[in-house]
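Participant: Everything below, folded, please.
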Amino acid sequence: MDLLADLDTRWLLTGLLMLLDSWAIGMIVTARASRRDKMLWSAVVALCPIIGCLFWYVLGPKTNLGPPTRASHEV
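Facilitator: Purely as a prediction, here's the structure:
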């Protein structure tokens, strides 16, 4: 019976990790960074899910989802 409970926990943790990775890669895609940097960060997150997400959150480029700045309105 314990084996079944452990298996359920593993599936739950795997699912949560996949959601976290998907979210992180989605945020990387919307970040203000070069295409090369986005590809590198996505590879790091995909290959090292837990550490990659933590590194990206601390060190990675920030997303570009906020309101437009004044400089972007000037022509």
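Participant: From residue 44, how far off is the residue most central in space within the chain?
Facilitator: The chain has residue 24 as the residue nearest its centroid, 1.2 Å off, counting by CA atoms, centre = their mean. Distance, residue 24 to residue 44, using CB to CB, to the nearest Å: 10 Å. All C-beta spots, glycine's among them, are computed from the backbone N, C-alpha and C.
Participant: Touching both of these two, which residues are there?
Facilitator: Common contacts of residue 24 and residue 44 (CB atoms under 8 Å, 6 or more residues apart in numbering): 52, 56.
Participant: Quick check: bridge partners of residue 31?
Facilitator: On the basis of DSSP bridges, residue 31 is bridged to residue 63.
Participant: Share the number of residues neighbouring it, please.
Facilitator: 18 (other CB atoms under 10 Å).
Participant: Could you check how far it is from residue 45?
Facilitator: For residue 31, the distance to residue 45 - CB to CB - is 12 Å.
Participant: Mind pulling up the pLDDT for the residue nearest to the centre of the chain?
Facilitator: pLDDT, residue 24: 90.
Participant: name the helices or strands packed onto the helix or strand it falls within?
Facilitator: Assigned by DSSP states H and E, residue 24 belongs to helix 2-29. Judged by 3 or more CB pairs under 8 Å, 6 or more residues apart in numbering; DSSP states H and E, the packing partners of helix 2-29 are helix 35-47, helix 49-59.
Participant: elements contacting the shortest one?
Facilitator: Spelled out, it's helix 49-59. Looks like helix 49-59 contacts helix 2-29, helix 35-47 (3+ CB pairs under 8 Å, 6+ apart).
Participant: Next: the first one.
Facilitator: Using 3+ CB pairs under 8 Å, 6+ apart as the contact criterion, the neighbours of helix 35-47 among helices and strands are helix 2-29, helix 49-59.
Participant: what angle do the longest one and helix 49-59 make?
Facilitator: Right, the one you point to is helix 2-29. 30 degrees (axes from the mean of the first three to the mean of the last three CA atoms, to 10 degrees).
Participant: Pull out the buried residues from helix 2-29.
Facilitator: By neighbour count on 16 or more other CB atoms under 10 Å, the buried set for helix 2-29 is 21, 24-25, 27-28.
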